[in-house]
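Colleague: Mind folding the following:
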Amino acid sequence: MTHRWTGALAPACAGVAAAAIAIAAAPAAASQSLVRLRGSSPRVAATAPRVGSVASNSQIGFQVDLKLPDAQGAVAFAEAVATPGNAQYGKFLTPSQWEARYSPSISSVDQVRSFLKSNGFTVGRTPADRMEVPATGTAAQVERVFATSLGYYRVRGRILRLADQDLSVPGDVAGVVAGVSGVSQSLAQPDNTTGAARTAPSPTATPFAIKQPAGFRIAQPCGSYYGQKIDTTLPAYGNGYPSTPPWAVCGYTPPQFRSAYGLNGSADGTGVTVAVVDAYASPTLLSDAQRFAADNDPSHPLASSQFSEQLANSFTETQKCGASGWFGEQTLDVEAVHGTAPGAKILFAGAASCFTQPLNDALRGIVDGHLADVITNSYGDNGGDLLDSSSDRISTDDILLMADGTGISVLFSSGDNGDEFTTVGAVTPDYPASSPYATAVGGTTLQIGSDGSRTGEFGWSTARSFLCDATWAALGGCTTAQEGTWLPIDLALDGGSGGGTSYVYPQPNYQAGVVPTALAEANGAAVPMRVVPDISMEADPATGMLVGETQTFPNGVYYDTYRIGGTSVASPLFAGVVARADEAAGKPLGLLNPALYQTLSSESQAIRDIGPAGARDMSRADYVNSIDSSAGYYYTTRIVDYEGPEQFCTSSVGKTGQHTTCTTRNVALNTATGYDNMTGLGSPGTNFVADLAASGK
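Modeller: Got it, this is the predicted structure:
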């Protein structure tokens, strides 16, 4: 049975709605006393190669997720308090009030705790919201109690533990259990990119140690604003593109963002707290952000009193997660939030690892304690809308639902791999961005002129062509016979705003009448489905944001600046915009989507529509060694708003050797007049803050 919601929120098949549909009768071969948790084995287990079994004595931490006793009521309440014009609009509950009304009962928690203890599991502390019971046991216990088997699978280059088939639970607890999360591992990826060539070596790479990451620097020429420096030296790319394109930007600074997006009004986020959720914690996070502000935005210093941290007791899975790679994410998140909302307080929450449940623990702690008004999350699981287990979505969605009911705006970056075809072989959004309980923030290519004005803004989708010269030929990128020519476009693409049509969430009513039917029904579903993103801001790594971070260089560890992009830039930039609107409204705005679609989308000055770019490109220079000119440069032309062919390739080893199979299709995300699946509604316009604040009055 599928539930349809009558108001602005209409999720099904995942999240709280899945609690009503996730349980099905287990196969007779298992046990008549067991019921199956449908979808608790992730879909990726059916396609990824299995590379081994899990040792029976391996320790596994997991969570049993409990059903919300009145899921429909919780969704209806979230709808009412988020919808302008509703009598309950803005009348949020406190966390304790929400828990008293919608959380699972103490008796349900006790029932699950008793079940786990009786089967030999070590049971942890239940959180205040009572929505999960954490436990630890051996793989053998998990396989026996939940009637499944576990294996290791190779998923996008990493080895993950997955359940081979759906988990089952005894019938006497099935009535209160929504899912079991954490048995199957799900890795979140930080949604940032420098746009450097994947083949460029890093002389100080330390991807698995929790110490400052390898250094990266911007190569000249680049402009301090868009179009400042014009490429008159490289061969013309041709193909209908300008013969003298602009060089890439060195990275925009906070004053440029505030000017371009019209954020120089009286509200600056004062009195509002923005939380940043990431994995791990850079030891120089605050000092780097303070120095960056002092050097690039001296009229808006970051005071120590504006910054606080909430960190996990210990950090785990540092090698599998590439822990130091998260430091740049944290740096840009904090510096971006402060850049667009210099008066706001910032709470940094550092999760124990990049797995879904530790990140959810960090998110849950903020929501349970109502420690922030806005939460920005610059991570996601590539293609997770299609590939993640229903248990993981239930766990995350219920936290988001509580955030909505208690007046916290939660943002997720929409991803950096466009439609995900080149990474997972399917056109699908990332998760949690696809959840209808959160605002998905996509990416644009922003043009800021010499006077700080926005001279153009287009969808972020980049294809690259490398210039074959002696340096690139020596690196094996081309042959000497090709020198002096541009190589064919790299069909693996260089990244782009994540988006697309959900496989699991029917269309929320706030998107009805705004999202084109062709997009809502793109997956061939019987009903219209949710489409992401909702709104967008700057994300292109060829224009990008300038950030300052302590990094590891051959001659030492010290602070330096570089340019970075990705929807990890867009989400915290937008979080600062929301903080300004909260201040202007005099109260938190909670879930933003109904106001974005129903109120602001019709206001020409509130949201700027992002249309097709036409034939536009940029030239970019990069250091071969990522840090200086000693090893030479390589050059690329970067196609703006690329919507041409893309390719997914798989390799297999047979009796006759290794075989590679590739499939090519056109990019599924496109910009268009009105809502589109690359940039959503568009980007904040000149009246965005004032109009969003007014929707809350």
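
Colleague: what stretches of the protein score poorly on pLDDT?
Modeller: By pLDDT under 70, the low-scoring segments of the chain are 1-32, 198-209, 602-604, 654-655.

Colleague: So the residue of it most remote from its centre, which state does it fall into?
Modeller: Centroid-distance maximum for the chain: Ala481 at 42.0 Å, with CA atoms, centre = their mean. Three-state call for Ala481 (DSSP: H, G, I helix; E, B strand; the rest coil): helix.

Colleague: helices or strands next to the longest helix along the chain in the packing?
Modeller: Longest helix in the chain by number of residues (criterion: DSSP state H): helix 567-585. Using 3 or more CB pairs under 8 Å, 6 or more residues apart in numbering; DSSP states H and E, the elements in contact with helix 567-585 are strand 273-279, helix 325-340, strand 374-377, strand 409-413, strand 439-448, strand 535-538, helix 688-695. Any C-beta I mention is one placed from the backbone N, CA and C, and that applies to glycine too.

Colleague: following the third one, which helix or strand shows up next?
Modeller: Once the chain leaves strand 374-377, the next helix or strand it forms, by DSSP states H and E, is strand 379-380.

Colleague: elements contacting that next one?
Modeller: Helices and strands touching strand 379-380, by 3+ CB pairs under 8 Å, 6+ apart, are strand 189-190, strand 273-279, strand 409-413.

Colleague: what's the helix or strand that comes right after the longest helix of the chain in contact with?
Modeller: Following the chain from helix 567-585 toward its C-terminal end, the next helix or strand by DSSP H and E is helix 593-598. Helix 593-598 is contacted by residues 8, 79, 82-84, 436, 439, 508, 510-511, 514, 534-535, 589, 607, 681, 692, 695-696 when judged by CB atoms under 8 Å, 6 or more residues apart in numbering.

Colleague: before we move on, the earlier item: could you dump the helices and strands packed on strand 379-380 into CSV with mean neighbour count and distance to Met402 added?
Modeller: Formatted as CSV, the helices and strands packed on strand 379-380 follow (neighbours: other CB atoms under 10 Å; distance: least, CB to CB, whole Å):
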stretch, mean neighbour count, distance to Met402
strand 189-190, 25, 25
strand 273-279, 28, 14
strand 409-413, 29, 10
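
Colleague: who's in contact with the closest residue to Gly195 other than its chain neighbours?
Modeller: In this structure, Gly195 finds its nearest non-sequential neighbour in Pro541, 3.2 Å apart by CB to CB, 6 or more residues apart in numbering. Shown in contact with Pro541 (CB under 8 Å, 6+ apart): Thr193, Thr194, Gly195, Thr462, Asp494, Gly495, Arg563, Ile564, Gly565, Gly566.

Colleague: for Val54, same thing?
Modeller: Taking CB under 8 Å, 6+ apart, we find Val54 in contact with Ala139, Leu150, Gly151, Tyr152, Arg161.

Colleague: tilt between the longest helix of the chain and helix 325-340?
Modeller: 30 degrees (axes from the mean of the first three to the mean of the last three CA atoms, to 10 degrees).

Colleague: Just the C-alphas of helix 567-585, formatted as PDB.
Modeller: Provided in PDB are the C-alpha atoms of helix 567-585 (Å, rounded to 0.1, in the frame of the first residue of the first chain):
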ATOM      1  CA  THR A 567      27.400  22.200  -4.500                       C
ATOM      2  CA  SER A 568      29.300  22.100  -1.200                       C
ATOM      3  CA  VAL A 569      29.800  25.800  -1.900                       C
ATOM      4  CA  ALA A 570      26.200  26.400  -2.900                       C
ATOM      5  CA  SER A 571      24.600  24.800   0.200                       C
ATOM      6  CA  PRO A 572      26.500  26.800   2.900                       C
ATOM      7  CA  LEU A 573      26.200  30.000   0.800                       C
ATOM      8  CA  PHE A 574      22.500  29.500   0.700                       C
ATOM      9  CA  ALA A 575      22.400  28.700   4.500                       C
ATOM     10  CA  GLY A 576      23.800  32.100   5.100                       C
ATOM     11  CA  VAL A 577      21.100  33.600   2.900                       C
ATOM     12  CA  VAL A 578      18.400  31.700   4.900                       C
ATOM     13  CA  ALA A 579      20.000  33.000   8.100                       C
ATOM     14  CA  ARG A 580      19.500  36.600   6.900                       C
ATOM     15  CA  ALA A 581      15.900  35.800   6.100                       C
ATOM     16  CA  ASP A 582      15.300  34.300   9.500                       C
ATOM     17  CA  GLU A 583      16.700  37.500  11.100                       C
ATOM     18  CA  ALA A 584      14.600  39.700   8.900                       C
ATOM     19  CA  ALA A 585      11.500  37.600   9.700                       C
END
